[in-house]
Structures are given as C-alpha cells and as structure tokens.
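Asks: A structural model of the following input is requested.
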Amino acid sequence: MPDAPREAWITGIGMVSCLGESADAHWQGLNEARLCLDSKSFAPYFVHPLAPIDLDRLIPKKSDQRQMEGWQRIGTYAAGLALENAGLKGNRELLARTDMIVAAAGGERDTAVDGNVLTNKAKSANPEVFLNERLMSDLRPTLFLAQLSNLLAGNISIVHGVTGSSRTFMGEEAAGVDAVRIALARILAGQSDLALVGGSYNSEREDLLLLYDTGEQLLRGSFKPVWERSASPGMVLGSLGAFLVLEARTHAQARGRAPQARLRAVLSERSSRPAQAVTRSLAAMWQKLAPQRSGPRMAIISGATGTEPATGEERAWLKTVSDLPVRATGSKLGHGLEPQFPMNIALATLVLGRGKLFPAMDSSGVEREHDGPIDQVVVTSVGHWRGEGMALVEAVN
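Replies: I've put the predicted structure just below:
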C-alpha cells in the first residue's frame, strides 16, 4: 500500500504584539475589540506598541538581551513561545533537528549617532574628515553586525538551542509569505519533519517611520480601521513577533503531539502592480485553492495594510467572495511587514481551535458579524508595495 500523503501540522504558535504575549491574551483582546494605540510618542504618526513582556522568562541571560536590538528580542521571545507551546523547549534531540526559516529586515540604526553626525557635519570645516572620525569612534563595534538580518536566527539558535538548518529571507511582506511557503514545501516533500518559521518587527523606531513616511505610506490625521482609510490611506505600523512550529503529521504522532491546525497550502505571487493586478492575483490564487476548499464554514483573515491602491484592490476581490466573513487584523495589531503573514496564520490557528471567529473590527461593511462554526481559514497577504500571498489553514478533526 502506498504511503499516505504527507501533511504539515501546526503544533506550536508564539505571538507577541500590542495585545500581549499569549494565545489567550490575543483571543481576549480581539474579542474585546481592544485598541492599543500610541498617538503621541511618534506624532504625527501612530504605532501599535509592544505590550510589556517579561524577557527574563525566555531570554534568561541579561548579556543576551543587551546585545540584541528590539526586533531581535521580540523575535527571539516569540520563537521561544512557539517552541514552548509545541513541547520542544529544552529537548536537545528535537531542537537539533528543527529547521529554522526566518523573515527579517535589517537591523536598527543608532538614531542618536545619526542625528549628531547630521547636525555637526554641516558645521565642520572638513565634513569628510569629520564623518570618518565619527564613524570610527561613535559606532558600536556590533552596529554593522546588527544590520544583518540573519542575526535573529543566530540569537534564536543561541538562546533556544535550535541547531538544524537555517534560512533567512528579506523582502518585507513577501519574505513572510515565502518563509512559510518554503517551510511547508520542505515538509510536504519529505525534506524536513520539523520547522520553526516566523519573524519579528519593531515599529517603535524613528528611522523606520521616516523611511515609510518619505514614501507616503503612513496614516496621518485621525485613526481609522484598515478598510475605512481609502480617503486618507496609509499603514499604522505595529510591533509584532510571530513564529509557528510546523511538523510532519507522522513526526508529531510519533512523539504524541496533537495538531492545533493543518497548513494545507501557501501560495505567493509578485505582480508588477499595474491597475487591478492585486485583484487578479488574489483571484488566481483563490482558484488554485478551490480543490482544497471545503465550503461555507470558512473565514478570511486579511493582512491588508491600509495603503492604496493595494487595499482597495483587495477589497474589490473580497466582493467576489462576499458570502464569507472577513477580518483585517491590522486594524487592531497594526502592520508588521515580515511577520504579518505568520501572525495571521497563528491567529487563524486560534480561530480553528475555538471553532469560531472573533468580532468584526470596523463599520465599513467589509467585515460582518459571524456566529457560525469555522473549520477553514484563508489568510491573505497583499504587500504595501509589492508581493501577494495566500494560505489555507484548516481544523484537524
């Protein structure tokens, strides 16, 4: 008898955001429609700041914490939560066989040094010499290393003992999609049995806010949920850390681990974004998922950013599947770019574990209340600038 097709189970999730650090905290926050928003620290921009977390619990060495930047601490902590949730924490034999795929951006800049250089360079009699001197003396020895995106994977390995293969993807939202896509493909192909996949983002950074503001990508004025921003479009960045433990079904069963959900498929596209390209891209991926979709007990969790025209074109596609309830988590968690897709898959796992959807988060008409049972969730990702993705997550009966 031929072997049964391989399946990828989600056996662990780890999440940190403005809503907290546990599955229960996120579920409670979403059901209460809690809005955790900082409109003052970085005015005129909004951010969804990270909730207080006890770093000592999962990153016990102060020396490890000190050498990490904010985004690395967020990601390393979220990865620890996922490993703990999957029953892998401290199991050296399993951690040595755990493959790691991380979606991450570059490191954080020392804005105090940057500001000092820019202020005083113009006053210097010899700006070039001044710049070289400051670069030699003001930058910490680790600063250039801190710009390396793969330091997050390195810190996870050091702190949590994950020593299987390691890959790091860069590329904003598309990196998060492809990290999960590759992890799933390796498990289904028999190239991996156990994978830790996810990413992190620190939104509370002046350098990033400046970067996205120069591209006119940030929300200004008054805060509104994602689907209500068409008149004044823009992102509200959110500090996020999200990791999933993906595991081959047979491997999980052999160690007596029950699934939290099944990851059936992950698709990615990268249209060049002419008019209506996002709508067409989502429609094409939706059709590819058709053989695996089960019917009306389905919801859509969207990673919509609030930028245009991307969000408007996703909204146009959603009208073609208007019989399904939709939730855009960016309205409450903010947008975290690389980890947004893994975060929404983790939230889909929560929905499936509880068999129901959390309340609607806006009044635009895109989201409607839904009290019926849910056994499949489609997760969408439409990058603010480029890259589209879609995943199908389902309950395991």
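Asks: any idea how far the nearest residue to residue 89 once chain neighbours are set aside is from residue 185?
Replies: Nearest residue to residue 89 in three dimensions, chain neighbours excluded: residue 83, at 4.9 Å (Cβ to Cβ, 6 or more residues apart in numbering). C-beta coordinates here come from the backbone N, C-alpha and C atoms, glycine included. Residue 83 sits 22 Å away from residue 185, going by Cβ to Cβ, to the nearest Å.
Asks: cool, and residue 364?
Replies: 36 Å.
Asks: do the same with residue 196
Replies: 16 Å.
Asks: These two - which one has more neighbours?
Replies: Remark: of residue 196 and residue 185, residue 196 carries more neighbours, 28 against 14, as counted by other Cβ atoms under 10 Å.
Asks: Pass me the low-pLDDT residue ranges in this structure, would you?
Replies: 1-3, 139-147 (pLDDT under 70).
Asks: In space, not sequence, find me the middle residue of it.
Replies: residue 339 (1.6 Å; Cα atoms, centre = their mean).
Asks: Identify the spatial nearest neighbour of it, chain neighbours not counted.
Replies: residue 199 (3.9 Å).
Asks: which phi and psi does that neighbour have?
Replies: With angles defined as degrees, to the nearest 10, residue 199 sits at phi -170, psi -170.
Asks: Thought residue 104 was touching it, still the case?
Replies: Yes. Using Cβ atoms under 8 Å, residue 199 is in contact with residue 104, at 5.5 Å.
Asks: So between the two, which is more surrounded?
Replies: Between residue 199 and residue 104, counted using other Cβ under 10 Å, the more crowded position is residue 199 (34 against 28).
Asks: Can you give me every residue that contacts the more buried one?
Replies: With contact set as Cβ atoms under 8 Å, 6 or more residues apart in numbering, residue 199 has these partners: 75, 102-104, 152, 175-176, 179, 241-243, 338-339, 342.
Asks: So which of those sit within helices?
Replies: 75, 152, 175-176, 179, 342 (DSSP state H).
Asks: Quick one: those residues as CSV, columns for distance to residue 251 and neighbour count too.
Replies: Below are the ones in helices among the contacts of residue 199 laid out as CSV (distance: Cβ to Cβ, whole Å; neighbours: other Cβ atoms under 10 Å):
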residue, distance to residue 251, neighbour count
75, 24, 32
152, 25, 30
175, 26, 24
176, 24, 35
179, 20, 29
342, 20, 35
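Asks: can you map out the helices along the stretch 201-350 of the chain?
Replies: 206-214, 249-254, 277-288, 310-318, 330-333, 340-354 (DSSP state H, counting those that start in this stretch).
Asks: Redo those helices as TSV? Include distance to residue 56.
Replies: TSV is the format used below for these (distance: least, Cβ to Cβ, whole Å):
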stretch	distance to residue 56
helix 206-214	27
helix 249-254	30
helix 277-288	42
helix 310-318	39
helix 330-333	25
helix 340-354	23
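Asks: Next, the buried residues of stretch 82-100.
Replies: 82-89, 94-95, 97-100 (16 or more other Cβ atoms under 10 Å).
Asks: Go through those and say which is closest to residue 117.
Replies: Here the nearest of these to residue 117, counting by Cβ to Cβ, is residue 100; it sits at 35.8 Å.
Asks: And for residue 167, the neighbour number?
Replies: Neighbours of residue 167 (other Cβ under 10 Å): 18.
Asks: Sorry, wrong one. I was asking about residue 255.
Replies: Other residues close to residue 255 by other Cβ under 10 Å number 14.
Asks: if I look at it, how far off is residue 93?
Replies: The gap separating residue 255 from residue 93 is 10 Å, by Cβ to Cβ.
Asks: show me where this protein has strands.
Replies: 8-16, 47-48, 99-103, 166-169, 194-201, 237-238, 240-248, 261-269, 298-302, 326-328, 376-382, 388-394 (DSSP state E).
Asks: what would the ones in helices among the contacts of residue 199 look like in JSON lines with distance to residue 298?
Replies: Output for the ones in helices among the contacts of residue 199, formatted as JSON lines (distance: Cβ to Cβ, whole Å):
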{"residue": "75", "distance to residue 298": "30"}
{"residue": "152", "distance to residue 298": "33"}
{"residue": "175", "distance to residue 298": "27"}
{"residue": "176", "distance to residue 298": "22"}
{"residue": "179", "distance to residue 298": "24"}
{"residue": "342", "distance to residue 298": "20"}
